[in-house]
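Q: Fold the stuff below for me.
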Amino acid sequence: MSRWAWAVILIAIAGAGCGIGFALGALAGPELARRMGTAYRAPTVPAAPIATPILPAATLPLRPSPSPEEALVPTATPLPTYTPTPPRTRTAPPPAFPETPEALPLEVPDPPSEPEWLVGLSPPARAAGVDRRPVYRIGGVLEPQSGWLRGRLILAFPYEEGPLLRALCFRAWANAPASGGARLEVGGIWIRGQPASPEWSADRTAFTVTLPSPLQPGETVELEMPFTVTIGTRAGGYGLMQKTGDGRLVLYYGYPELARLREGHCVLDPPWENGDLHQAEAAHFALRLRLPEGMALAASGVTVRESAGPGGWQTVEIVAPYTRNFVIIAGDMQKISIERDGIRVNGFYRNAPAAEARRALEDAADALERFGKAFGDYPLAELDVVEVPLQGGAAGVEASGLVMIGEDVYGMGDLSGLLGGLSPGSGSLDLLGFVVAHEVAHQWWYGVVGNDAHREPWLDEGLTNWSSAFWVEQAHGPEAARATWDLLVLLPYRLRLMEGDLPLSWPAERYSELDYAAIVYGKGAWIYEVLRREIGEERFFAFLRRYLQRHRWGWATGDSWRETLAEFMGKERAEAFYRRWVEGREITEKDLPPSPMLDPLFQDPALGGLLWDLLRALMQAEP
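A: The predicted structure is shown next:
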């Protein structure tokens, strides 16, 4: 097999995980094949060209988090350099949504007053009820033709502990460069009958609201603010804020998000390039949304009632307890559903083949069941699996109670066929199933157990990627799992090791795009398999269940991860493991499992270096 053929194969299956990890695999291989004139055919919907620049490690330092006692002031911190991805070319203009109402409603509906929280929980989770945490009650109008969401937020914030709190901080991720020119604006804010004004950061991705009087621990404050989110006109990031060519609206950052407090300070890091913009505590959401009749709606949470209104509008009410980010996807979509053990799994699709949409739905239900047995029960009443034309190379993106699967992934089938019989008997490479399992696993590792996706992205992405490989092992057998580890998880890390290891504990922006995939998704997943083999099946899964229980609906850190591990490994061994695998940079190829499929490749260092350079060139090249 020629070196060029190896390059096409390796890049085609190099990605792992959601976001930037999949950029290496799901889309990079077909794109390189196209440029090289090979016979490989990309999926029918063309992928957006990858043009996001690699950010040097020193370009974006961590910004100190201001105290809520201090108003946000303009900062000189430079924004990340950003090159927008050119929009997709299409042969015809987007179709108008059928039966669009003649006139937009003038009034935003009132937010729900008494949400039925228990409806949003799985049967086993309802017994514990819901606890005291922030409550978002939102009334909104979704205007598809203009790409607007106009809303009214009533936020109740219970302050549990800490010094006197003089202000609340909010994130406006819709204003981040990766949101494709979307904008979030807020109007006049009212707190305890008094007006307040937002004080914006220089980049307008955060604002502070000063409270009329300081809040003491144990007290609750309620504020009300109108807001408007407008979808941008250009492609950006992973396509999480977009109006698609067929008229669907994707609103991933569709409301002002309460910023997390840490030791009496707001966490207000500037937007970062790699991975997901997630830093939120779990909260309870209730939404009353007005949208055109006949428009399908996929969203976090559970629909509790629907009603038709005058002028061609419908009103939908949703409750979503224990939600870290509330996502809305609306438009002309088909919906299919299945129910397993009291959990309803909904599939929404537009362009995917119906059989592939059904397979994704079945894989999601299967992953919910297997992960529930291994880690602990899925706690929510529903899960939506939504086909979305993701951009920037993303194959899947997680949200609370909802996962987005890139439409380019549907129909790719078994990638082992792309290998052309490279390794007979090596098992299947089911990319769609792997992507679905990865995003479903995020319901535990991100959804239930929260962490800082900027400062410690390995905590959720590493364990999630291990979980998806574990699902392949359980659902398809050891041979398929071996192929998955070799080609979908560890390959980027093996290539990275040819230049040396990197710490797993770095924040997201310290890695290049390729190193982020190799270290966070590859090394981050493999450390769990190392633990599994070192402490045995029983203690390993007891560790995962204890980790979940300890951080349920809370916040994990590297320190708390290590402390939990010490309960099953002993403090001295846990500390040594953490220093070597998480903080260290001394891992070599000898610490990875043998690979009959790939070992011949890595016996030629020049070839491995060539492939690594090809990956770099592909990620930076213009189409």
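Q: Tell me who's in contact with residue 230.
A: Counting by Cβ atoms under 8 Å, 6 or more residues apart in numbering, residue 230 makes contact with 146, 147, 148, 182, 183. C-beta: built from backbone N, CA, C; applies to glycine.
Q: if we go to 10 Å?
A: 143, 146-150, 174, 181-185, 241 (Cβ atoms under 10 Å, 6 or more residues apart in numbering).
Q: which parts of the host helix or strand of residue 367 are buried?
A: Taking DSSP states H and E as the definition, one finds residue 367 inside helix 354-375. Neighbour-count burial for helix 354-375 flags 356-357, 359-368, 370-372, 375 (criterion: 16 or more other Cβ atoms under 10 Å).
Q: just those now: which is nearest residue 473?
A: Lowest distance from residue 473 to the buried residues of helix 354-375 (Cβ to Cβ) belongs to residue 370, with 9.8 Å.
Q: Could you measure from the closest one over to residue 441?
A: 10 Å (Cβ to Cβ, to the nearest Å).
Q: Mutual contacts of the two, please.
A: Joint contacts of residue 370 and residue 441 (Cβ under 10 Å, 6+ apart) are 467, 470, 471.
Q: So which of the residues you listed is the closest to residue 339?
A: Once Cβ to Cβ is applied, the member of the shared contacts of residue 370 and residue 441 that ends up nearest residue 339 is residue 471, at 20.1 Å.
Q: chain center to stretch 224-233: distance?
A: The chain centroid and the centroid of stretch 224-233 are separated by 21 Å, computed with Cα atoms, centre = their mean, to the nearest Å.
Q: Tell me the helix or strand right after the helix or strand of the chain with the lowest mean pLDDT.
A: None of the helices or strands of the chain scores lower by mean pLDDT, DSSP states H and E than helix 28-36, at a mean of 30. Proceeding N to C from helix 28-36, the next assigned helix or strand is helix 123-126, under DSSP H and E.
Q: which phi and psi does residue 544 have?
A: When read as degrees, to the nearest 10, the backbone of residue 544 gives phi -60, psi -40.
Q: Just the CA atoms of the helix holding residue 367, as PDB, please.
A: Extracted C-alpha coordinates of helix 354-375, given in PDB (Å, rounded to 0.1, in the frame of the first residue of the first chain):
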ATOM      1  CA  ALA A 354     -34.700   6.900   7.400                       C
ATOM      2  CA  ALA A 355     -32.900   3.600   8.100                       C
ATOM      3  CA  GLU A 356     -29.800   5.400   9.400                       C
ATOM      4  CA  ALA A 357     -31.900   7.600  11.600                       C
ATOM      5  CA  ARG A 358     -33.600   4.500  13.100                       C
ATOM      6  CA  ARG A 359     -30.200   2.900  13.600                       C
ATOM      7  CA  ALA A 360     -28.900   6.000  15.400                       C
ATOM      8  CA  LEU A 361     -32.000   5.900  17.600                       C
ATOM      9  CA  GLU A 362     -31.500   2.300  18.500                       C
ATOM     10  CA  ASP A 363     -27.800   2.800  19.200                       C
ATOM     11  CA  ALA A 364     -28.700   5.700  21.500                       C
ATOM     12  CA  ALA A 365     -31.200   3.600  23.400                       C
ATOM     13  CA  ASP A 366     -28.700   0.700  23.600                       C
ATOM     14  CA  ALA A 367     -26.000   3.000  25.000                       C
ATOM     15  CA  LEU A 368     -28.400   4.500  27.600                       C
ATOM     16  CA  GLU A 369     -29.100   1.000  28.800                       C
ATOM     17  CA  ARG A 370     -25.500  -0.200  28.900                       C
ATOM     18  CA  PHE A 371     -24.100   2.900  30.500                       C
ATOM     19  CA  GLY A 372     -27.000   2.900  33.000                       C
ATOM     20  CA  LYS A 373     -25.900  -0.600  34.100                       C
ATOM     21  CA  ALA A 374     -22.200   0.300  34.200                       C
ATOM     22  CA  PHE A 375     -22.300   3.800  35.700                       C
END
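Q: Point out the other helices and strands that that helix packs with.
A: strand 334-340, strand 343-349, strand 382-388, strand 402-406, helix 431-441, helix 458-476, helix 537-550 (3 or more Cβ pairs under 10 Å, 6 or more residues apart in numbering; DSSP states H and E).
Q: who's in contact with the first one?
A: To tie it back to what came earlier, the one meant is strand 334-340. 296-298, 344-350, 352, 354, 357-358, 360-362, 364-366, 368-369, 372, 378, 382, 384-387.
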